[in-house]
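Q: Here's a sequence, model it:
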Amino acid sequence: MSAVSKGMMESPVVSTIMFGAAGAATGMVLSRSFPGSFATLPPLWSISPHGNGAVCGFVVGCVGWNLRTWCRFLSLKVLLRYRGWMYSPRSRITKVWLYLIDKVMGKGPYSLFEFQGVLPPLPVPELAETCTKYLEVARPLLSPEEYDRTEEALRLLQEEDGKPLQKYLIRRSWKKRSWLVEWWIENIYLKRREPLPENSNYYFLDGLELPASCQLSRAATIIFNLLKFRELVSSEQLQGVFFQNRVPMCMDGYRYLFGTCRIPCVEKDYFVMHHHTKHIVVIRKGYYFSMDVYTHDDGTLQQLSPAEIKAQLRIICETADAEDSNGLANSLASITSQHRTVWAKQRQVMLESEQNAESLEIIETAITVISLDTVSPQDLSEQAKLVMMGDGTNRWYDKSMTIVVFPNGKAGATVEHSYMDATIFSRAWEYVLSHEQYKNGQVPAEQCAWWRKLAPPKQLQWNLNGFTPALEGAKTHIQKTIQDIDLVVVGSDYGKGWIKQQRVSPDSFLQMALQLAYYRLHEETPKTYESATTRMFALGRTETIRSVSDHSVKWVKSMDRDDVSPEDKVSLLKKAIQYQTDYKVAAVNGRGVDRHLLGLYLAAQDMGHPLPQFFNTKAWMMTDKLSTSQAPAKFTQEWKLQTCTVGYGFGPSHMEGYSVSYMVIGEDLVNFHICTRKHCTATMSEKMGAAIKQAMTDMKALMEGK
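A: From the prediction side, this is the model:
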């Protein structure tokens with residue numbers, strides 16, 4: 001079933017012909033055994049019984065195979081709409097459903113996009129359900145008077161203002177594979193004018209252990225593995241991802257990993273994709289080099305070996321290091337860190353020069369960008385900040401990803417967020433890190449590296465006459481931003497192994513630790529964002545988990561009170577954890593409140609309707625002071641603890657708030673990446689990190705009855 005299934009979904013025409021041919025062969029055999037039966041058939045293009053048998057067999061084979069294919073397709077479409085397995089995982093219906101899923105899907109292996117056509121569409125929640133749930137979300141964050149106003153506004157939304165908007169969303173869901181995704185990309189990313197590095201992009205770091213301390217060996221191996229992963233994606237041989245190893249997830253984001261770039265425009269950016277380019281761009285000391293990573297060998301196009309890549313990178317370093325690196329032109333990359341409209345106007349001026357236009361095209365069409373930095377980080381916190389922000393000369397923030405390698409061999413990546421959430425890049429990064437191979441810390445020498453003649457990397461040229469004020473302004477902007485970023489990486493004293501022993505969700509437990517840490521620092525309850533994937537739906541992206549509840553507020557306020565018994569504190573904690581767990585299940589099933597309300601808001605704009613009163617309430621307009629996210633650390637059996645990424649992060653969504661991303665690493669470690677802005681004296685990343693560790697210590701003692 002596995003090979004047949006894969007061939008069927010990758011090339012239906014070839015598979016149909018193949019089974020038709022098998023049917024034709026079977027028909028000829030039968031015609032020899034029963035010649036009389038086929039002799040009576042009307043001749044098609046042969047007057048012989050054997051010919052008729054072959055034609056009939058071919059038709060039956062083709063029709064039978066396509067009928068089987070469509071039956072499988074339609075069966076999966078129906079089965080995957082069932083969501084009860086997440087709410088009642090041990091019910092008899094769920095067991096029958098799991099049996100049918102296994103039988104219809106087969107054993108695999110499956111191609112990357114095999115199940116894209118059968119994924120269910122993102123649902124449009126009931127308006128009444130969203131309004132009721134939002135009141136629960138808002139109540140802990142509002143005063144009684146504000147809550148009353150919100151309740152009245154939601155009543156009007158449910159009974160009057162929201163009805164035509166809800167109908168609009170439902171009609172939109174009938175016409176599109178996802179009623180949300182186009183709006184989401186346009187309004188949350190492409191129309192936003194804020195600078196990318198601290199407001200939109202995210203970063204990833206490398207593994208727990210350093211496999212090689214040679215910068216060029218590490219860079220060459222990472223590039224080589226990235227290209228191998230790219231081949232798996234382009235050939236669709238990469239295995240898809242399954243939720244809890246059962247339900248296929250949307251793989252659409254993998255299309256945007258390589259050869260893509262966000263292009264700035266005055267009002268709304270756009271995205272370009274170039275899947276057939278064969279070069280990367282390498283940045284060294286503010287100089288840019290186009291480097292081919294494929295070469296023709298015996299008439300075929302072949303990927304360069306790690307040794308060949310390293311040799312090319314050495315040429316780049318020797319060339320750049322011999323140049324003056326203090327010129328203003330070396331800070332060219334800083335223009336991509338600016339307000340999007342400012343950068344868009346500057347780009348239009350740059351394109352007036354053919355030389356600039358050619359160089360920009362090379363960067364924007366490159367498979368990826370590699371930065372060979374010249375400063376080595378001394379710890380995880382410094383590494384995280386350097387990967388995220390760079391120094392103003394070495395990150396092209398518009399590219400889908402920029403891979404960073406430091407002189408001491410440490411590495412990371414900064415990723416543009418518009419079309420690619422962290423769960424997509426995390427899978428690629430796991431592959432890259434888990435497939436690194438070295439000999440004594442160096443790239444193994446290979447024979448082909450010595451006899452294949454390669455064209456040297458091409459240095460990009462720029463015409464920056466009259467561009468000095470723009471570059472000075474961009475450089476000043478990024479340097480101020482870098483100085484303002486306060487980023488700390490903190491490791492826990494225990495991990496999910498102990499938490500699971502308490503029979504609670506590790507994610508929910510960690511969310512409560514964040515709530516307790518924030519409350520102890522600020523004595524208030526923050527509006528909190530946590531991302532949940534909706535990739536079980538076609539073109540799914542994320543939904544918001546609202547971790548704050550009446551239960552969590554009661555629990556954090558009780559933790560430092562002597563008049564509340566430990567038993568009551570445990571009870572309150574478990575209620576808060578259960579609420580967050582239940583909300584998370586609803587969110588991944590497309591039943592959160594944030595995306596639905598955003599849809600109603602955008603529907604009003606599309607229809608030209610006045611905005612409902614609710615969208616002017618404090619509850620809606622409040623920003624998230626605590627923005628959190630968790631990305632899975634393990635996707636395949638190739639995962640190893642030693643090579644597992646030590647985490648990822650992003651900038652705070654609120655100038656006076658925190659971003660906290662956390663990654664569960666194995667059974668005994670959780671790394672928290674905490675980011676704030678230094679100009680806000682009320683928030684400090686180091687204090688938040690200490691508060692999180694103390695909260696986890698106190699929660700463990702509470703659960704253990706100490």
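Q: Distance of A428 relative to V415?
A: To V415, A428 is 10 Å away according to C-beta to C-beta, to the nearest Å. All C-beta atoms are positioned from the backbone trio N, CA, C, and that covers glycine.
Q: in the chain, which residue is closest to the centre?
A: D421 (2.1 Å; C-alpha atoms, centre = their mean).
Q: any low-confidence regions in the stretch 1-150 of the chain?
A: For the stretch 1-150 of the chain, the stretches flagged by pLDDT under 70 are 1-70.
Q: now the helices: where do they sit in it?
A: Taking DSSP state H, counting those that start in this stretch as the test, the helices found in the stretch 1-150 of the chain are 2-10, 12-33, 35-39, 49-79, 84-87, 92-105, 127-138, 144-156.
Q: Repeat that for the stretch 401-550 of the chain.
A: The residue ranges that make up the helices of the stretch 401-550 of the chain, judged by DSSP H, counting those that start in this stretch, are 422-434, 448-451, 468-484, 496-501, 506-522, 550-558.
Q: quick one, what contacts R452?
A: Contacts of R452 were listed using C-beta atoms under 8 Å, 6 or more residues apart in numbering, and they are T295, D297, E308.
Q: quick one: which of those residues is most hemmed in?
A: E308 (21 neighbours; other C-beta atoms under 10 Å).
Q: In three-state terms, label it for me.
A: helix (DSSP: H, G, I helix; E, B strand; the rest coil).
Q: Just give the number of residues close to R72.
A: As a burial measure, R72 scores 17 neighbours (other C-beta under 10 Å).
Q: Same check on I367?
A: 27.
Q: How about the contacts made by it?
A: Counting by C-beta under 8 Å, 6+ apart, I367 has contacts L226, L227, R230, F258, G259, T277, K278, H279, I280, V293.
Q: how does it look with 7 Å?
A: R230, F258, G259, T277, H279, I280, V293 (C-beta atoms under 7 Å, 6 or more residues apart in numbering).
Q: what's the answer for S508, then?
A: I577, Q580, T581.
Q: what about 10 Å?
A: Applying C-beta atoms under 10 Å, 6 or more residues apart in numbering to S508 gives the contacts 499, 530, 545, 547, 552, 573-574, 576-584.
Q: Only the buried members of the residues you listed: can you turn that into a ChimeraX selection?
A: To isolate in ChimeraX the members of the contacts of S508 that are buried, counting by 16 or more other C-beta atoms under 10 Å, one can use:
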select :499,530,545,547,552,573,574,576,577,579,580,581,583,584
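Q: now, among the contacts of S508, which is nearest to T130?
A: Of all the contacts of S508, T130 sits closest to Y583, with 12.9 Å by C-beta to C-beta.
Q: hang on, the closest one packs against D507?
A: No - Y583 is beyond contact range of D507, at 11.2 Å (criterion: C-beta atoms under 10 Å).
Q: what is in contact with the two at once?
A: Joint contacts of Y583 and D507 (C-beta under 10 Å, 6+ apart) are E530, A532, I545, S547.
Q: quick one, phi/psi of G649?
A: Phi and psi for G649, reported as degrees, to the nearest 10, are phi -170, psi -180.
Q: Give the burial count for it, as a bare number.
A: Each residue near G649 was counted by other C-beta under 10 Å, and the total is 27.
Q: so where does the nearest residue to it once chain neighbours are set aside fall, helix or strand?
A: Using C-beta to C-beta, 6 or more residues apart in numbering and skipping the chain neighbours, the partner closest in space to G649 is H673 (3.3 Å). Assigned by DSSP states H and E, H673 falls within strand 669-677.
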